[in-house]
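> Predicted model and sequence below, questions to follow.
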Amino acid sequence: MPEGDTLFALAAQLRPVLAGKTLSRTDFRVPRLATADLSGWRVDEVRSVGKHLLVEVSDGDRRAVIRSHLGMDGSWRVFEPGRRWTKPGHTARAVLRVDGAEVVGFALRELHVDRVGPGRPDPLAHLGPDLLGADWDPARALAHMADAVARDPSVTVSRVLLDQRVMAGVGNIYRNEICFLLGVHPTTPMRVVDAEEAVSLARRLLWHNRLRPVRTTTGLPGRADLWVYGRADRPCRRCGTPIRRVPDEDRDRIAFYCPSCQPPDR
């Protein structure tokens, strides 16, 4: 599942392919970008912010950002020019061609071309501090957590961890793993959770996994990569109790927890 570490690794993969090169062809296959053409523009940087991939381009004094969000099924893949794509063509949403490579975005949940310049709004200004950003600021994340609790004292730790306005990069996998490591049930009110430890765990886990081929949160040997996520009915790696799964508050995600290590009434 694409979370902040996935996008960080993707940017690292695409940077040497695109950065410093001139776009010889662009093809944006979404209706509102059908006439957009950045051919001849230079790729200045490829980076991630939270769960967003940014390809920064310029043409003289003009600057723009090709911004995408993978969602659940999206991906960016690199091909040699003329090579057959490994994903169905009808799922392609963006094609960026440079000397020696064709970079294709498939099944992207969001795709935007944002013009950059004085007076233009930052479409990502609503995000909290990027957990993997060079300007990561835990104090800002803690302040945003405190604001979320002040607005709604009943807000759960799950909802706060997934709120990209608090800090950017945590998705469902890390939400579940952080709750386990905190020893709290996913529905525990955030006001009784150690906010500093939650922020510290989020940063450490994503940073540790930012360039790993296989994500791990346990530090255990072998294939014991995760504590609870995706392990419903299997024994807890810590106590042996079967892991349970419950629908999340917004019903589009699943929460996993150990009833013994994370009792609801703790």
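Arrived safely. What you are looking at is a predicted structure, and each value in this text was computed from that prediction instead of being measured. Numbering: from 1, shown residues only.
> ok, and the closest non-adjacent residue to Glu102?
Phe79 (4.7 Å; Cβ to Cβ, 6 or more residues apart in numbering). For glycine as for every other residue, the C-beta is placed from the backbone atoms N, C-alpha and C.
> neighbours of that neighbour, just the number please.
15 (other Cβ atoms under 10 Å).
> Would you check the distance separating stretch 17-31 from the middle of the chain?
22 Å (Cα atoms, centre = their mean, to the nearest Å).
> and the end-to-end length of that stretch?
Distance across stretch 17-31, first residue to last, is 27 Å (Cα to Cα, to the nearest Å).
> Point out the other helices and strands that the helix-or-strand element of the chain with minimal mean pLDDT packs with.
The weakest-scoring helix or strand in the chain, judged by mean pLDDT, DSSP states H and E, is strand 244-247 (a mean of 90). Applying 3 or more Cβ pairs under 8 Å, 6 or more residues apart in numbering; DSSP states H and E, we find strand 244-247 packed against strand 254-257.
> Mind listing residues that contact the strand it packs on?
For strand 254-257, contacts defined as Cβ atoms under 8 Å, 6 or more residues apart in numbering pick out 158, 172, 175-176, 179-180, 185-187, 228-232, 243-248.
> and those, which of them are in helices?
Ser158, Asn172, Arg175, Asn176, Cys179, Phe180 (DSSP state H).
> okay, now the spatially closest residue to the fifth one that is not a sequence neighbour: neighbour count?
Computed as Cβ to Cβ, 6+ apart, the closest residue to Cys179 that is not its neighbour in sequence is Pro186, at 5.1 Å. Residues within reach of Pro186, counting by other Cβ under 10 Å, total 25.
> so what's Pro186 up against?
Pro186 makes contact with Thr156, Val157, Ser158, Arg175, Asn176, Cys179, Val246, Asp248, Ala255, Tyr257, Gln262, according to Cβ under 8 Å, 6+ apart.
> low pLDDT regions in this structure?
Low-confidence segments of the chain (pLDDT under 70): 1, 250-251, 266.
> any chance you could map the helices in it?
Going by DSSP H, the chain shows helices at 4-18, 138-151, 157-162, 172-182, 195-209.
> Please list the outside residues in contact with the fourth one.
Under the contact criterion Cβ under 8 Å, 6+ apart, helix 172-182 has outside partners 1, 3-4, 157-158, 161-162, 170, 185-186, 188, 193-194, 197-198, 201-202, 205-206, 215, 217, 226-229, 248, 253-258, 261-262.
> Break this protein down into its domains, please.
Split into domains by automatic domain parsing, the chain comes to 4-116, 138-257.
> Out of those domains, flag the one nearest Leu132.
Closest approach to Leu132 among those (Cβ to Cβ): domain 4-116, 4.8 Å.
> ok now that closest one, how far from the chain's centre?
For domain 4-116, the distance to the chain centre is 16 Å (Cα atoms, centre = their mean).
> Stretch 165-175 now?
7 Å.
> again, but for stretch 158-165
Its chain's C-alpha centre and that of stretch 158-165 lie 12 Å apart, by Cα atoms, centre = their mean.
> go on, stretch 203-221?
The answer for stretch 203-221 is 14 Å, by Cα atoms, centre = their mean.
> what does that stretch rub up against?
3-5, 8-9, 12, 131-132, 136, 138, 169-170, 173-174, 177-178, 181, 224-227, 237.
> End to end on it, go ahead and measure it.
First residue to last in stretch 203-221 (Cα to Cα) measures 22 Å.
> What of stretch 160-176?
12 Å.
> And for the nearest residue to Ile66 once chain neighbours are set aside, the neighbour number?
In this structure, Ile66 finds its nearest non-sequential neighbour in Val55, 4.1 Å apart by Cβ to Cβ, 6+ apart. Neighbourhood size, Val55 [other Cβ under 10 Å]: 27.
> Could you measure from Val55 over to Val43?
6 Å (Cβ to Cβ, to the nearest Å).
> re earlier: redo the contacts of Pro186 as TSV? Include neighbour count.
Below are the contacts of Pro186 laid out as TSV (neighbours: other Cβ atoms under 10 Å):
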residue	neighbour count
Thr156	22
Val157	25
Ser158	25
Arg175	24
Asn176	29
Cys179	30
Val246	14
Asp248	19
Ala255	22
Tyr257	26
Gln262	26
